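Participant: sequence below, structure please.
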Amino acid sequence: MKWNSIALSGAAAVLLATPAMAQVAEKKTLTLDGAKMVLTACEAEARKHHATGVIAVVDEGGSLIAVHRIDGTFAAGANISIGKARTAVMFRKPTRTFEDIIKNGRTAMVALPDFTPLQGGVPIVVDGQVVGAVGVSGAASAQQDEEIAIAGANAVANSDSAATASGPPPGDVPYFDRQRVEAAFARGEPLFQGAPWVNCAVNPSRRDGPGEAEVHQNETDVMYIRQGGATLVTGGSVVDARQTGPGQVRGAAIDGGQARTLSAGDVIIIPPGMPHWFRDVQGTLLYYVVKVRS
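Facilitator: Numbering: from 1, shown residues only. As a prediction, this is how the structure comes out:
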């Protein structure tokens, strides 16, 4: 009994001496800003291919963070995209894995509860940790659903936006060389979608004609015209306004407002909530938009 007592006391001492880190593991969490980054990257990929789609982002437990429906997408796509995202995060695998398994004969898997074995769901992985997932439904094909979802997942994985850091890692200054900037202009893709310590995004934008009227309730747009010219209308009221996302409004045109002629070298700042509309575009308009989030 004396030996057992000593052994147990020694074991207890070892446990008490074990560092707290052995019992508590650090983990990354997908933030709302991270989810917004996923939505932005997915929509950019979809629009690059003139595709529709509903995009859903969930956290590591499968709870919905955000959903975004591109105009023209069928309504059922919302529930399907959420199901794809939840399936991807709960099983820690892309949903095409399960679609392939079922195609190969294991049809019993369709009986699993809350299970959407359709291609288009992808886990979001940051530093080896699954922090959430993105699901897409309503593009031209299942393959395109997945490609759009991958673009969104990669946006967070490459920027580490899921980390709730208080400041930038030492020496981490976003830099983009000329070749990358030119490629972003050519593809119409975002250049920088922000980070926990940088409250802005940088979008190289290209227009070959007039666009829709827009209102961004929670963003300030700082525009620098690099090439070409345009007539930009600000203020007034949006015609046929419709909500396209959280704090985002679009419409056919602007009634009233003030028109300005913009040319290369000009800078204009659009405050949050200000309607704006490129009414006319001369040639190809290239410009940077720095989006500062409120």
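Participant: and stretch 100-120, what's its mean pLDDT?
Facilitator: Mean per-residue pLDDT for stretch 100-120: 85.
Participant: and it, what's buried?
Facilitator: Within stretch 100-120, the residues scored as buried using 16 or more other CB atoms under 10 Å are 115-120. Where C-beta positions appear, they are placed from N, C-alpha and C, glycine not excepted.
Participant: please report how far the residue lying closest to Pro117 once chain neighbours are set aside lies from Lys84.
Facilitator: Excluding its sequence neighbours, the residue lying closest to Pro117 (CB to CB, 6 or more residues apart in numbering) is Phe98, at 3.6 Å. Distance from Phe98 to Lys84, counting by CB to CB, to the nearest Å: 10 Å.
Participant: more crowded one of the two?
Facilitator: Remark: of Phe98 and Lys84, Lys84 carries more neighbours, 31 against 23, as counted by other CB atoms under 10 Å.
Participant: identify the residues contacting that one.
Facilitator: By CB atoms under 8 Å, 6 or more residues apart in numbering, the residues touching Lys84 are 56, 95, 116, 118, 120-121, 135-137, 145, 149.
Participant: could you rerun that using 10 Å?
Facilitator: Contacts for Lys84 (CB atoms under 10 Å, 6 or more residues apart in numbering) come out as 54, 56, 58, 94-96, 116-122, 133-137, 145-146, 149.
Participant: repeat that for Tyr288.
Facilitator: Listed by CB under 10 Å, 6+ apart, the contact set of Tyr288 reads 181, 184-185, 191, 202-205, 222-226, 267.
Participant: longest strand in the chain, by residue count?
Facilitator: Of all segments of type strand in the chain, defined using DSSP state E, the longest is strand 276-293.
Participant: coming back round to it: quick one: which of the contacts of Tyr288 has the most company?
Facilitator: Counting neighbours by other CB under 10 Å, Pro204 comes out on top of these with 23 neighbours.
Participant: okay but it is in contact with Gln227, surely?
Facilitator: No: applying CB atoms under 10 Å as the test, Pro204 and Gln227 come out as separate, 11.0 Å apart.
Participant: where do the contact lists of the two overlap?
Facilitator: 185, 286-287.
Participant: secondary structure element for the residue nearest to the spatial centre of the chain?
Facilitator: The chain has Val38 as the residue nearest its centroid, 1.6 Å off, counting by CA atoms, centre = their mean. Val38 belongs to helix 32-48 when assigned by DSSP states H and E.
Participant: for Ala253, give me its contacts.
Facilitator: 210, 212-213, 233, 236-240, 275, 277, 279.
Participant: export the buried residues of stretch 100-120 as a markdown table, with columns for distance to Phe176 and secondary structure.
Facilitator: Formatted as a markdown table, these follow (distance: CB to CB, whole Å; DSSP: H, G, I helix; E, B strand; the rest coil):
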| residue | distance to Phe176 | secondary structure |
| --- | --- | --- |
| Phe115 | 41 | coil |
| Thr116 | 37 | coil |
| Pro117 | 39 | coil |
| Leu118 | 36 | coil |
| Gln119 | 32 | coil |
| Gly120 | 30 | coil |
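Participant: can you pull the contacts of the residue nearest to the centre of the chain?
Facilitator: Counting by CB under 10 Å, 6+ apart, the residues that Val38 touches are 30, 55-57, 65-66, 68, 85, 122, 124, 132-134, 149, 151-157, 161-162, 193.
Participant: switch to 7 Å and redo it
Facilitator: Residues near Val38 by CB atoms under 7 Å, 6 or more residues apart in numbering: 57, 124, 134, 152-153, 155-156.
Participant: send the alpha carbons of stretch 129-137 over as PDB?
Facilitator: Taking Å, rounded to 0.1, in the frame of the first residue of the first chain, the C-alpha atoms of stretch 129-137 are listed here in PDB:
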ATOM      1  CA  GLN A 129      -6.600  23.800 -39.400                       C
ATOM      2  CA  VAL A 130     -10.100  23.600 -40.800                       C
ATOM      3  CA  VAL A 131     -11.800  26.800 -39.800                       C
ATOM      4  CA  GLY A 132     -14.900  26.600 -41.800                       C
ATOM      5  CA  ALA A 133     -16.200  25.700 -45.300                       C
ATOM      6  CA  VAL A 134     -17.700  27.400 -48.400                       C
ATOM      7  CA  GLY A 135     -20.500  25.900 -50.500                       C
ATOM      8  CA  VAL A 136     -21.500  27.100 -54.000                       C
ATOM      9  CA  SER A 137     -24.600  26.200 -56.000                       C
END
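Participant: perfect, that will be all.
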